[in-house]
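>>> the following block contains a protein sequence and its predicted model.
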Amino acid sequence: MSTAVRDQSGLRTGTMAQALNLALRDAMRADKTVHVLGEDVGALGGVFRITDGLTAEFGPDRCLDTPLAEAGILGTAVGMAMYGLRPVVEMQFDAFAYPALEQLFSHVAKMRNRTAGKLPLPITVRIPYGGGIGGVEHHSDASEAYYAHTPGLHVVTPATVADAYGLLRESIASDDPVVFLEPKRLYWGKAEWDPAAAVEPIGRAVLRRPGRSAVLVTYGPSLPVCLEAAEAAKAEGWDLAVLDLRTLVPFDEATACEVVRSLGRAVVVHESAGFGGAGAEIAARLTEKCFHHLAAPVLRVTGFDVPYPPPMLEHHHLPGVDRILDAVARLQWEE
């Protein structure tokens, strides 16, 4: 992987993949307890080359290839964390992580509570997730609801190059376990960012676009789609705000409610299925906390309640500009 280009001001121009690679590299340089493990993370540098060059710089003991056994990978990380290390686990694809769910739910999420705070498990589980790359079955799941529903886990999902770097550094430094969901479709998006700049910490949402008509509440892979929809909405006379949650757990209820109360209309957008999805909880929270400020019900635009479809159909399945604007039109109708 080519490294991000840095100019004289310290700013870098690069992709999300490069920012993640730099975050891992900087974390490993800063703290010798940080270890990376997973399938093909060593010599190959990972399927998406996020770990490219780490074994060459830090050696196979700190960036190590594992067998194809996700439960074993995460179980090993549990032991490493118990003995004072900070493991960063890569699950190769979203649906490949499912064999490790028992370790994650029964041990990683519960150990700190089980030991009354005496034994934290500072584990970061990196999971490429979501669609938009034409992946086949088991390669495009949006599984964030499983993790968000599990007490004891932080659930983080960056949508910008700067957040990819900053939030991964924050996650690795956290003494709580973090499921770090990386939108595959955004890996190659390029932007300018400053690694030395202060980053909003885990648990803070950011208003990416102000507006006066309604707010699109979203995260991860759906942020660029929402920004595109907000631009297209101008033709309809709508001025849409876009709120990037950045972290599902902890959920920044204060910021989300402040924006929704000020506008009175909201649409929650995400790729995963609607029933029982993260958007259902977000919509419920906003309705409970902002009810007397709402001019219309909080609506959702999500993936359909079906297994992820074949590549030729994914553009129908994923929320797009037209579906988002249809929901906004319903908000206006329900004044």
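Noted; the coordinates are in hand.
>>> can you show me the CA trace of the host helix or strand of residue 29 as PDB?
Residue 29 belongs to helix 16-30 when assigned by DSSP states H and E. Coordinates of the C-alpha atoms in helix 16-30 are reproduced here as PDB (Å, rounded to 0.1, in the frame of the first residue of the first chain):
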ATOM      1  CA  MET A  16      -9.400   5.700   4.200                       C
ATOM      2  CA  ALA A  17      -7.400   2.500   3.800                       C
ATOM      3  CA  GLN A  18      -4.200   4.500   4.100                       C
ATOM      4  CA  ALA A  19      -5.400   6.300   7.100                       C
ATOM      5  CA  LEU A  20      -6.300   3.100   8.900                       C
ATOM      6  CA  ASN A  21      -2.900   1.700   8.000                       C
ATOM      7  CA  LEU A  22      -1.200   4.800   9.500                       C
ATOM      8  CA  ALA A  23      -3.400   4.600  12.600                       C
ATOM      9  CA  LEU A  24      -2.200   1.000  13.200                       C
ATOM     10  CA  ARG A  25       1.400   1.900  12.500                       C
ATOM     11  CA  ASP A  26       1.400   4.900  14.800                       C
ATOM     12  CA  ALA A  27      -0.400   3.000  17.600                       C
ATOM     13  CA  MET A  28       2.200   0.200  17.400                       C
ATOM     14  CA  ARG A  29       5.100   2.700  17.400                       C
ATOM     15  CA  ALA A  30       3.600   4.500  20.400                       C
END
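>>> tell me how far residue 129 lies from residue 60.
According to Cβ to Cβ, to the nearest Å, residue 129 stands 27 Å off from residue 60. For glycine as for every other residue, the C-beta is placed from the backbone atoms N, C-alpha and C.
>>> first vs last residue of stretch 267-280, how far apart are they?
Stretch 267-280 has its terminal residues 11 Å apart, counting by Cα to Cα, to the nearest Å.
>>> how about the helices in the stretch 201-335 of the chain?
Remark: helices assigned in the stretch 201-335 of the chain by DSSP state H, counting those that start in this stretch are 223-232, 253-263, 278-290, 314-317, 321-333.
>>> all set, thanks.
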